[in-house]
Structures are given as C-alpha cells and as structure tokens.
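Colleague: Sequence first, then the predicted structure:
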Amino acid sequence: MLTRSFRPAALTAFAVLLSATLLAPTADAQDRRRDDAFAWSGRIPSGNAIRIHNINGGIEVLRSSSGRVEVSGEKRWRRGDPDDVRIEQKSFGDDVVICALWTPNSSCEERGIRSERNSKWNDRNDVSVHFTVRVPEGVRVVLNTVNGGIEVRDVTTEVDARTVNGSITARSAGGPVRARTVNGSIDVSMGSLGRAEDLEYETVNGAITLELPSNFGAELELSTVNGRVTTDFPITISGTLSPRKLRGTVGDGRTRVRASTVNGSVTLRRGR
C-alpha cells in the first residue's frame with residue numbers, strides 16, 4: 001500500500017511505524033469527536049469496481065438496495081486536527097476510487113495512495129476515518145487500510161480486502177472473496193467462487209476460517225506454524241499428512257485455494 005504508492009500487500013517497516021504513531025492514543029470511543037466529512041453516491045457498471053484506500057480506520061461494506069454505490073466517510077479524533085485529513089474521489093475509467101489522505105502532498109491513485117519521499121507525518125494527528133460502503137449486485141469491491149478492521153456483510157459481489165492491523169470478516173452470498181492481513185483473524189463465507197482461479201488468505205497473528213459452498217472444487221494449500229489445519233471436506237491428499245499443513249484436492253480442483261498463518265488455526269467449513 002505505501003511505497004511511493006501505499007499498498008497493504010507490501011508489509012514494510014513503514015506500516016509498523018505508522019501503526020505505532022497513529023494508534024498511540026487509546027482513549028475511550030466516547031471521548032472521540034466525530035464529523036460526517038464525506039458522502040458520495042453514483043452508479044458503477046456491473047463488473048467494475050469501487051476501490052477504498054484508507055490508512056487509519058476501518059471499512060464496513062453493506063448491500064445497497066438502491067442500485068447505486070453509496071460511500072460515507074466519518075472522521076473520528078480526540079486531539080488531532082480533522083482538517084489535516086482530506087478525502088478524495090476519482091474515476092479511472094468506470095472504476096471509482098476513494099482515498100483518505102493524511103499528508104498535503106499525497107495523492108489518490110487507482111492502486112493505492114501515493115506519497116512523495118519528503119512526506120512528513122504529524123505524530124499528534126490521531127484522526128481516523130471510518131468508511132461505510134453500500135454496493136449493489138455486480139459491482140466489485142476493493143478495500144485497503146492499514147490500522148483498522150474490515151467487515152463485509154450481506155453482499156453478493158466479488159471482494160478483495162486487505163489490512164495490516166485488524167481482522168477481516170466477510171459474508172458474501174456470491175463471491176469470490178480474497179483477504180489478507182498481518183495482525184488479525186480472517187473469517188470468510190462465500191456462496192460461490194465464481195470464475196476465480198486463485199483465492200488467497202494470509203495472516204501472521206490470527207486464525208483463518210473459510211466457509212465454502214458444499215459443491216466447490218479446489219486445489220488446497222493450507223498451513224500454520226502454531227495451530228492446526230482442519231476441514232469438513234473429503235480431500236485427496238498430496239504428500240505427507242500433517243496437522244499443520246495440508247495439500248490436496250477437493251472435487252474437480254478447478255480453483256486454487258491457499259490459506260496460511262503463523263499463530264492460529266486454519267479451518268475449512270462446508271457451507272449450505
């Protein structure tokens with residue numbers, strides 16, 4: 001997420017430093033002031049995406065019943081200056097990108113937040129931005145943050161969710177859903193894998209729980225260091241059977257599913 005372009009997949013020392021800076025104030029939620037700072041609504045063609053890029057704050061995604069994508073951003077702070085954080089919306093083709101920006105010379109790009117080399121973070125700025133996104137059927141969702149959890153529920157669409165410090169919970173009657181974090185659990189339920197060829201779930205400190213359709217087929221690579229791997233599905237095993245590592249095939253193996261953690265278990269559950 002942040003290099004000169006800020007992407008959560010790049011788990012750099014910068015993300016650790018940033019989390020220590022922005023998460024230092026631990027006041028109760030009641031002490032934090034709030035400001036409904038941003039609202040956007042529009043139509044995005046089916047198959048295209050709404051992309052949310054955040055740094056400090058969580059993201060919540062719900063199903064839209066209006067046929068429109070609706071995004072709101074709420075600033076929350078205790079001692080920082082909310083005016084130092086701005087929210088921008090841009091269009092790249094038929095995709096819509098919305099970013100929360102913490103430095104004057106950072107910019108909102110399609111794949112992340114771009115920050116110049118001389119960008120300087122305000123150590124006292126504890127402002128966070130909480131995004132709420134409502135999406136209709138057919139619009140893909142791409143979610144990136146650093147310090148904050150991601151929750152997706154009651155949607156029917158494709159989701160790609162990434163954070164560094166926070167858990168990811170996603171419930172989609174459709175799919176597919178992909179998820180990656182570092183410090184947090186991953187709990188994903190999908191009604192369909194769609195045409196996905198690769199599905200990846202990765203964390204370091206946290207459990208991974210995947211609920212998949214009862215008729216799904218996949219090549220599996222599931223692993224943990226401190227935990228166990230369990231599955232509800234009958235699997236044709238490849239290689240040595242281990243309680244911490246499983247490689248094998250379910251059904252026709254048409255999709256590749258990879259899930260890995262260090263501290264936590266990996267659980268594969270059969271859906272309805």
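Modeller: Good, I have the coordinates.

Colleague: Find the residue ranges of this protein scoring beneath the pLDDT cut-off.
Modeller: Counting by pLDDT under 70, the chain has low-confidence residues at 1-32, 117-123.

Colleague: Show me the helices in it, by range?
Modeller: For the chain, the helices defined by DSSP state H cover 13-22.

Colleague: what residue lies at the spatial centre of it?
Modeller: Closest to where the C-alpha atoms of the chain average out (C-alpha atoms, centre = their mean) is Ala161, at 2.2 Å.

Colleague: where's it relative to Arg256, distance?
Modeller: 19 Å (C-beta to C-beta, to the nearest Å). C-beta here means a position set from N, CA and C on the backbone, and glycine is covered the same way.

Colleague: Next one: the nearest residue to Gly148 once chain neighbours are set aside relative to Ser107, how far apart?
Modeller: Computed as C-beta to C-beta, 6 or more residues apart in numbering, the closest residue to Gly148 that is not its neighbour in sequence is Gly58, at 3.7 Å. For Gly58, the distance to Ser107 equals 23 Å [C-beta to C-beta].

Colleague: what distance separates the start and the end of stretch 128-148?
Modeller: 9 Å (C-alpha to C-alpha, to the nearest Å).

Colleague: buried sites along it?
Modeller: Of all the residues in stretch 128-148, those buried under the rule 16 or more other C-beta atoms under 10 Å are 128-136, 139-148.

Colleague: Okay, and which of the residues you listed map to strands?
Modeller: Among the buried residues of stretch 128-148, the members found in strands (DSSP state E) are 128-135, 140-144.

Colleague: what's the most distant pair in the residues you listed?
Modeller: Ser128 and Arg140 (25.3 Å; C-beta to C-beta).

Colleague: check contacts around the closest residue to Lys245 other than its chain neighbours.
Modeller: Spatially, and ignoring its direct neighbours in sequence, Lys245 is nearest to Ser223 (4.5 Å; C-beta to C-beta, 6+ apart). Applying C-beta atoms under 8 Å, 6 or more residues apart in numbering to Ser223 gives the contacts Val229, Arg244, Lys245, Leu246, Ala259, Ser260, Thr261, Val266.
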